[in-house]
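Enquirer: Got a sequence here, can you model it:
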Amino acid sequence: MSNILSLIFIENLLISTVRMATPLLFVSLGELYSERAGLVNIGLDGLMTIGACVGFICGTLSNSPLVGVIGGAVAGMVINLIFAFCTITLRAGQIINGMALNILAPALATFLYREFFGVSTTLTQGPMMQNLAIPVLSAIPVIGPALFNSPPLTYFSALALVATAVFFRRTHAGLNFMSVGESPRAAETLGINVILRKYIACCVCGALAGLGGAFLVTCYISSYANGIVGGRGFIALSAVIFGGWRPSGILAATLLFGFADALQLRLQLLLPEIPYQFLSMLPYLCTLVVLALARERHQGPKASGQPYFREGK
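Expert: Down below sits the predicted model:
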């Protein structure tokens, strides 16, 4: 118990919480854009996987983690355009197409990895993105190393969060965007191009989800392996629901899930007598609990998950 209450333990726990919450925040924001445009995309796990794989390939071949991050974002966006075409143009079911992404993307990622690196018992190591310390602020005890000595992508996720909040609540374009998810037919009568905004939402969702996957191989670990995403896409989906489809709520939810994930890793070391499989369930149990609590509290966009049919078609 004394180890758990020590300042070093708390500081390291906060550092891990922020690091593990970052990819969840990227993916959750992507899903927020998608659902605000009326599209429920449950294929986030697949988008993260292809982003992680392509990000690792691009980063390793170029020896640049920045190139890897860009490659992961582009890969996620391209793969999500398949979902966009099927659900927007063909008006197919969103849930079934999201599940198809979760099958297609990991299989494609495995194929690409083997094509570039072959099959081996050892994992190929790629370049890692170094932390960027903010002078003075990073020296603040306990919270300084967690908040102000992080990978550049962590700071970028914070900027993306603020930009998203401003976009949806303070801009005319953001209000038009949200109207597509609330009542697309009414939005189109006002001259809003509903189809275009849905496609834009899919591009943003795919890019941010791919970015979250690329974070795992450029800022978290230096290699790629099957199952690296570990269900984070579904956790991000629940973070959007628990956060009430609001950026501030999503931030709180992702920090909670990041804390649960960081805590279970440290408890495995401090409590070896407890089977690690039980402790590994902690983030997912947390997901189930918060979804149960959020079920009656929040209601998403009214047209979310519904295909849009234009008049006369």
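Enquirer: by contact count, what packs against the helix or strand where residue 28 lies?
Expert: Element membership for residue 28, per DSSP states H and E: helix 7-36. Counting contacts by 3 or more C-beta pairs under 8 Å, 6 or more residues apart in numbering; DSSP states H and E, helix 7-36 packs against helix 44-62, helix 143-148, strand 149-150, helix 152-170, helix 172-182, helix 194-215, helix 232-242, helix 247-270. Every residue, glycine included, has its C-beta placed from N, CA and C.
Enquirer: and that helix, what's its mean pLDDT?
Expert: Averaging pLDDT along helix 7-36 yields 93.
Enquirer: Buried residues of that helix, list them for me.
Expert: 11, 13-36 (16 or more other C-beta atoms under 10 Å).
Enquirer: picking that back up, is it possible to export the helices and strands packed on helix 7-36 to TSV including mean pLDDT and distance to residue 73?
Expert: Shown next, in TSV, are the helices and strands packed on helix 7-36 (pLDDT from 0 to 100; distance: least, C-beta to C-beta, whole Å):
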stretch	mean pLDDT	distance to residue 73
helix 44-62	97	7
helix 143-148	92	24
strand 149-150	94	19
helix 152-170	96	11
helix 172-182	94	20
helix 194-215	97	4
helix 232-242	93	15
helix 247-270	90	18
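Enquirer: With residue 302 as the reference, measure out to residue 116.
Expert: 45 Å (C-beta to C-beta, to the nearest Å).
Enquirer: Residue 108 now?
Expert: 34 Å.
Enquirer: higher neighbour count, the two?
Expert: residue 108 (17 against 12; other C-beta atoms under 10 Å).
Enquirer: helix or strand for that one, which one?
Expert: Per DSSP H and E: helix 94-117 holds residue 108.
Enquirer: other SSEs contacting that helix?
Expert: Counting contacts by 3+ C-beta pairs under 8 Å, 6+ apart, helix 94-117 packs against helix 44-62, helix 65-84.
Enquirer: will you turn the ones you listed into JSON lines that also has mean neighbour count and distance to residue 306?
Expert: Formatted as JSON lines, these follow (neighbours: other C-beta atoms under 10 Å; distance: least, C-beta to C-beta, whole Å):
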{"stretch": "helix 44-62", "mean neighbour count": "29", "distance to residue 306": "19"}
{"stretch": "helix 65-84", "mean neighbour count": "24", "distance to residue 306": "15"}
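Enquirer: Name the nearest residue to residue 34, ignoring sequence neighbours.
Expert: Among residues not flanking residue 34 along the chain, residue 205 sits closest, at 4.1 Å (C-beta to C-beta, 6 or more residues apart in numbering).
Enquirer: wait, residue 142 sits on residue 11?
Expert: Yes: using C-beta atoms under 8 Å, residue 142 makes contact with residue 11 at a distance of 5.1 Å.
Enquirer: Just want to check the distance between residue 188 and residue 88.
Expert: From residue 188 to residue 88 the distance is 14 Å (C-beta to C-beta).
Enquirer: So these two - more neighbours on which side?
Expert: residue 88 (23 against 17).
Enquirer: mind listing what the closest residue to residue 106 other than its chain neighbours touches?
Expert: Setting aside the residues directly before and after it, residue 106 is nearest to residue 49 in space (C-beta to C-beta, 6+ apart), at 4.7 Å. Residues near residue 49 by C-beta atoms under 8 Å, 6 or more residues apart in numbering: 105, 106, 109, 213, 228, 229.
Enquirer: In space, what's closest to the fourth one - neighbours in sequence excluded?
Expert: Excluding its sequence neighbours, the residue lying closest to residue 213 (C-beta to C-beta, 6+ apart) is residue 51, at 3.0 Å.
Enquirer: Can you give me the distance of that neighbour to residue 60?
Expert: 15 Å.
Enquirer: What of residue 19?
Expert: 21 Å.
Enquirer: Residue 193 too?
Expert: 40 Å.
Enquirer: try residue 42
Expert: 30 Å.
Enquirer: now do residue 20
Expert: Taken as C-beta to C-beta, the span from residue 20 to residue 60 is 23 Å.
Enquirer: what's the closest residue to residue 81 other than its chain neighbours in contact with, if anything?
Expert: Closest residue to residue 81 apart from its sequence neighbours, by C-beta to C-beta, 6+ apart: residue 202 at 6.4 Å. Residues near residue 202 by C-beta under 8 Å, 6+ apart: 34, 37, 39, 41, 80, 81, 83, 84, 88.
Enquirer: do the same with residue 240
Expert: 28, 31, 32, 35, 250, 253 are the contacts of residue 240 under C-beta under 8 Å, 6+ apart.
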